[in-house]
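Enquirer: Make a model of this:
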Amino acid sequence: MLLLFSLLCFEFQRLINFSMDFVTPVLDVASLICNCVGDRADHLRRLPQNLNSLRTETEKQNNVYKDVKERVEREENLEKKKRTHVVDGWIGRAEAMEKEVKELLDRCDEENQKKCFGTCCPRNCRSSYKLAKMVREKMDAAAELQSEGSNFQVVAVALPSPHVIERPLEEKPVVGLDSPFREVWRLLQDKQVRTIGIYGMGGVGKTTLLKKINNNRLQIPDDRWKGREEDDKAAEICRILKTKKFVLLLDDIWEPLDILRVGIPPLGDGNQSKIVFTTRSADVCRGMAAQKSIKVECLEEKEALSLFQAKVGEDTLNSHPDIPNLAEMVAKECKGLPLALVVIARAMASAKTPEEWERNLQKLRLYPKDVAGTENDLFSVLAFSYDSLPNEATKSYFLYCSLFPEDYQIPSERLIQLWIGEGFLDEHDDIQEARNQGGKIIEMLRHACLTEAGITRFSQEGKYLKMHDVIPDMALWLACEKGKKKNKFVVKDGIGLIRAQEVNKWKDAQRIAFWNKTRIEELREPPCFPNTETLIGCAMFTFPSGFLTNMFVIRVLDFFNNKLLKLLAEIGNLATLQYLNLLGTIIKYLPIELKNLKKLRCLMLDRLFSLASLPSQMVSSLSSLLLFSMKSFSSSSPTVEIMLLEELEQLEHINDISIMLTSIQSIQRLFESHKLRRSTTSLELESCRGVNQVQLSPFIKALKVLKCDELEEVKIIHFEKQMVPSKFPNPQCCFNHLLSVYIDACKKLLNLNCLIHAPKLQSLLIVRSEIIEKVRR
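Expert: As a prediction, this is how the structure comes out:
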């Protein structure tokens with residue numbers, strides 16, 4: 001029994017053990033299922049709370065994103081930096097996160113609408129659980145992005161220096177601008193620097209430096225550009241621009257521009273290129289199919305006053321307690337137009353008493369304010385600066401500038417010569433005094449902001465002037481008595497053919513100017529210009545026959561670079577003519593009738609490469625001649641030159657001679673005459689054989705010596721023929737007027753020590769000379 005009982009107990013225990021081996025895995029599985037179900041239920045239960053948390057974290061992350069983006073854009077736009085790769089990647093992830101969260105929230109809203117009717121249970125637990133899990137993950141990711149973005153110490157770094165230095169617009173690359181470029185760039189990033197001045201002598205590269213900072217120029221090799229037709233050039237521009245993303249800036253367009261015609265490829269979504277242009281007309285915006293047109297408004301009253309006060313200057317504003325109030329009244333009259341504010345403020349800068357301000361304010365208010373059109377409104381305001389000129393004579397000088405086209409670089413010397421020819425400077429007996437006074441007037445006009453200094457590639461500052469933007473139009477409007485006499489001043493610039501009926505409208509014209517390929521059709525009968533005092537025909541085609549016949553009071557004829565083949569005998573009938581410029585024409589013969597021009601005071605015959613000869617006794621017959629210029633005369637010979645010098649010596653009033661000589665006999669004839677030496681201000685010597693020494697008077701202004709192989713020395717002579725001592729010369733024996741010297745291919749000329757006595761020398765150019773080689777060694 002005991003044995004049986006033991007066996008039963010053993011079997012029972014084995015059965016129990018077997019049962020436990022079966023039940024335990026089942027219980028484990030059940031436990032895992034319960035845990036999984038509980039975790040998913042927890043996700044579903046916390047979904048509303050997590051959605052709110054996700055919205056909160058996303059809003060915080062978006063605020064951090066905006067802060068980072070603003071920092072990046074500020075440093076890129078103002079400080080010219082580039083965002084770091086880390087920040088760029090973060091911004092991309094932040095923008096993607098914002099989009100993904102929005103889509104997730106929209107899906108959650110849709111799922112929330114699908115709950116079982118009358119319960120809070122979702123219809124599709126599996127789908128809801130996936131959304132709940134994604135919400136939790138996005139919430140954590142948004143928090144991580146927020147933390148990362150809040151800890152950025154650096155968001156952008158300075159751009160590396162360019163691998164290739166931009167080529168300038170000139171034919172040859174300009175070197176030596178790297179250092180000033182870096183300095184200007186550093187100052188542009190300095191928040192404390194508000195004004196940067198770039199200055200230097202003419203031709204030093206100021207404009208090139210500015211373009212290097214601001215522009216990227218389309219580069220086309222010269223051999224693929226020069227001498228090509230317009231269509232070919234347009235095709236070349238188009239070929240290059242097609243491969244680039246570009247921004248084309250067009251300034252001051254007066255009519256719609258066919259961009260395809262000039263080679264600008266169509267703007268499509270693919271290349272992302274843009275065109276930005278300025279104009280004064282909304283019609284041009286429509287004609288150019290502008291997708292966005294922005295009107296630039298005038299300044300608000302507070303801004304306008306601030307600009308006006310800054311330009312007047314604190315010294316003037318503080319000179320009397322009443323002036324600040326008067327300045328505010330004057331600023332209001334400018335109607336917020338920046339150009340008018342600047343021009344009038346500078347005109348008022350020297351007014352230090354209330355009486356001057358009140359008087360000028362009254363002048364400003366007298367102009368009509370209801371004139372139709374923006375141009376007239378602008379002219380009425382700008383004319384105040386004109387009215388502030390000291391006298392009527394100075395106003396005439398300014399109005400004369402309206403004969404030159406817009407943006408034209410006006411040579412100062414040529415303008416002064418024209419004024420002399422017109423008789424504007426008759427109060428000065430000596431032509432040098434007249435030139436000096438003309439220079440002062442040009443400076444006066446510049447200070448009045450009616451003109452500004454112009455410059456060309458190889459010239460010094462002060463040799464050219466120009467008028468900015470609307471000033472020439474305003475001057476022409478004033479010259480025509482504020483538009484009341486439309487054709488009092490006639491200026492035609494590059495307009496092609498002028499019809500006869502147009503010419504007939506100029507009967508009352510006082511001054512007429514043609515520029516740049518303008519031509520007049522043949523007329524049935526000679527026109528009548530009873531009031532015309534000035535006729536300028538520059539770089540244009542010839543005049544029709546009889547055009548000069550009926551000019552009874554003409555004073556100035558300027559045919560500079562005209563395609564004039566023949567000067568008709570009718571010119572001898574212009575008894576009032578005082579100025580004749582034939583420079584650069586292709587005239588072969590001068591009519592003997594020029595002898596009749598007894599009032600002629602200025603005669604320019606430079607660069608007449610086609611002229612065969614000068615009529616005998618023609619120059620000596622011009623009894624009133626003050627100024628004579630004849631350089632680069634192709635038919636020059638010792639006989640012709642000596643004859644010309646002798647005729648010039650016979651002229652009683654001559655005191656300004658510019659001449660080219662090509663022989664030792666001519667030079668000796670010049671130096672033998674006290675009168676000729678004193679009157680010669682510009683001398684060119686070319687291929688003068690046998691000349692080893694040149695003695696110049698102290699009155700010389702310009703010297704040019706070409707291919708004088710035997711020339712060894714240049715000296716200054718006193719009129720008593722005393723040589724200038726090597727040190728401390730007396731003022732009478734100095735080159736006090738010498739401004740420029742040009743030496744070319746003078747192999748034996750090794751000494752130019754005389755130039756130490758030229759205190760006003762501005763330009764010295766020596767080429768193909770042993771002097772240069774000696775300096776190099």
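Enquirer: Ile416 and Ala434, how far apart?
Expert: From Ile416 over to Ala434 the distance is 7 Å, taken as C-beta to C-beta, to the nearest Å. Bear in mind the C-beta positions are built from the backbone N, C-alpha and C, glycine included.
Enquirer: low-scoring stretches of the stretch 451-600 of the chain, by residue?
Expert: 455-462, 468-470, 541 (pLDDT under 70).
Enquirer: what about the strands in it?
Expert: Using DSSP state E, counting those that start in this stretch, the strands found in the stretch 451-600 of the chain span residues 452-454, 464-466, 489-493, 497-498, 511-515, 519-520, 534-538, 556-558, 579-581.
Enquirer: can I get the ones you listed in CSV with mean neighbour count?
Expert: As requested, these are arranged in CSV below (neighbours: other C-beta atoms under 10 Å):
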stretch, mean neighbour count
strand 452-454, 15
strand 464-466, 20
strand 489-493, 21
strand 497-498, 14
strand 511-515, 22
strand 519-520, 19
strand 534-538, 23
strand 556-558, 24
strand 579-581, 24
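Enquirer: returning to what we had before: pull up the overlap in contacts between Ile416 and Ala434.
Expert: Counting by C-beta atoms under 8 Å, 6 or more residues apart in numbering, the contacts common to Ile416 and Ala434 are Leu425.
Enquirer: ok so, going back, out of the strands of the stretch 451-600 of the chain, which comes closest to Cys401?
Expert: Minimum separation from Cys401 across the strands of the stretch 451-600 of the chain (C-beta to C-beta) falls at strand 464-466, 7.9 Å.
Enquirer: Now tell me what touches that closest one from outside.
Expert: Outside strand 464-466, the residues that touch it by C-beta under 8 Å, 6+ apart are 401, 407-412, 415, 442, 445-446, 451-456.
Enquirer: if you set the cut-off to 6 Å instead, what comes out?
Expert: Contact partners of strand 464-466, identified using C-beta atoms under 6 Å, 6 or more residues apart in numbering, comprise 409-412, 442, 451, 454-455.
Enquirer: Make a PyMOL selection of the buried ones in the residues you listed.
Expert: To isolate the buried ones among the contacts of strand 464-466 in PyMOL, judged by 16 or more other C-beta atoms under 10 Å, type:
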select buried, resi 410+411+412+442+451+454+455
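Enquirer: Which single one of the contacts of strand 464-466 is nearest to Val503?
Expert: Ranked by distance to Val503 (C-beta to C-beta), the contacts of strand 464-466 are led by Ile410 at 25.9 Å.
Enquirer: residue ranges for the strands of the stretch 301-450 of the chain, please.
Expert: Going by DSSP E, counting those that start in this stretch, the stretch 301-450 of the chain shows strands at 410-411.
Enquirer: where are the low-confidence patches of it?
Expert: Counting by pLDDT under 70, the stretch 301-450 of the chain shows low-confidence ranges at 335, 337, 339, 364-378, 380-382, 449.
Enquirer: Could I get the strands of the stretch 451-600 of the chain in CSV, plus columns for distance to Ser150?
Expert: Shown next, in CSV, are the strands of the stretch 451-600 of the chain (distance: least, C-beta to C-beta, whole Å):
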stretch, distance to Ser150
strand 452-454, 52
strand 464-466, 55
strand 489-493, 63
strand 497-498, 72
strand 511-515, 65
strand 519-520, 73
strand 534-538, 68
strand 556-558, 73
strand 579-581, 75
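Enquirer: now for the ones you listed, which one comes closest to Val68?
Expert: In this view, the strands of the stretch 451-600 of the chain are compared for proximity to Val68 by C-beta to C-beta, and strand 452-454 is the closest at 45.5 Å.
Enquirer: tell me the mean pLDDT over the helix or strand harbouring Ser682?
Expert: Taking DSSP states H and E as the definition, one finds Ser682 inside strand 680-686. Over the span of strand 680-686, the pLDDT mean works out to 92.
Enquirer: what pairs with that strand, and is each one parallel or antiparallel?
Expert: Based on DSSP bridges, the pairing partners of strand 680-686 within the sheet are strand 656-661 (parallel), strand 702-706 (parallel).
Enquirer: Just put those in CSV and tack on mean neighbour count.
Expert: As requested, the strands paired with strand 680-686 are arranged in CSV below (neighbours: other C-beta under 10 Å):
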stretch, mean neighbour count
strand 656-661, 23
strand 702-706, 19
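Enquirer: Export these to CSV and append columns for distance to Trp506.
Expert: As requested, these are arranged in CSV below (distance: least, C-beta to C-beta, whole Å):
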stretch, distance to Trp506
strand 656-661, 33
strand 702-706, 38
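Enquirer: Need the ones you listed in a markdown table (columns: mean pLDDT).
Expert: Shown next, in a markdown table, are the strands paired with strand 680-686 (pLDDT from 0 to 100):
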| stretch | mean pLDDT |
| --- | --- |
| strand 656-661 | 93 |
| strand 702-706 | 92 |
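Enquirer: Of all those, which one is nearest Asp606?
Expert: The closest approach between Asp606 and any of these, judged by C-beta to C-beta, belongs to strand 656-661 at 7.6 Å.
Enquirer: Just the C-alphas of the closest one, formatted as PDB.
Expert: Provided in PDB are the C-alpha atoms of strand 656-661 (Å, rounded to 0.1, in the frame of the first residue of the first chain):
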ATOM      1  CA  ASP A 656      46.200 132.900 -78.600                       C
ATOM      2  CA  ILE A 657      47.800 130.700 -81.200                       C
ATOM      3  CA  SER A 658      47.800 126.900 -81.300                       C
ATOM      4  CA  ILE A 659      50.000 125.600 -84.100                       C
ATOM      5  CA  MET A 660      51.900 122.600 -85.400                       C
ATOM      6  CA  LEU A 661      55.400 123.200 -87.100                       C
END
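Enquirer: which residues sit in contact with Val714?
Expert: Contacts for Val714 were tallied using C-beta under 6 Å, 6+ apart; they are 694, 754.
Enquirer: and if you look at Lys99?
Expert: Contact criterion C-beta under 6 Å, 6+ apart gives no residues in contact with Lys99.
Enquirer: Just the pLDDT at it, thanks.
Expert: pLDDT for Lys99: 84.
Enquirer: Helix, strand or coil: sort out it for me.
Expert: helix (DSSP: H, G, I helix; E, B strand; the rest coil).
Enquirer: Distance-wise, check it relative to Thr58.
Expert: Taking C-beta to C-beta as the measure, Lys99 falls 11 Å from Thr58.
Enquirer: Same check on Pro591?
Expert: Relative to Thr58, and taking C-beta to C-beta, Pro591 is found at 92 Å.
Enquirer: if you count what's nearby, which of these two comes out ahead?
Expert: In this view Pro591 and Thr58 are compared by other C-beta atoms under 10 Å, and Thr58 has more residues nearby, 25 against 17.
Enquirer: Verify the stated contact: the more buried one with Val101.
Expert: Yes - with contacts counted by C-beta atoms under 6 Å, Thr58 reaches Val101, the gap being 5.0 Å.
Enquirer: Alright, that wraps it up for me.
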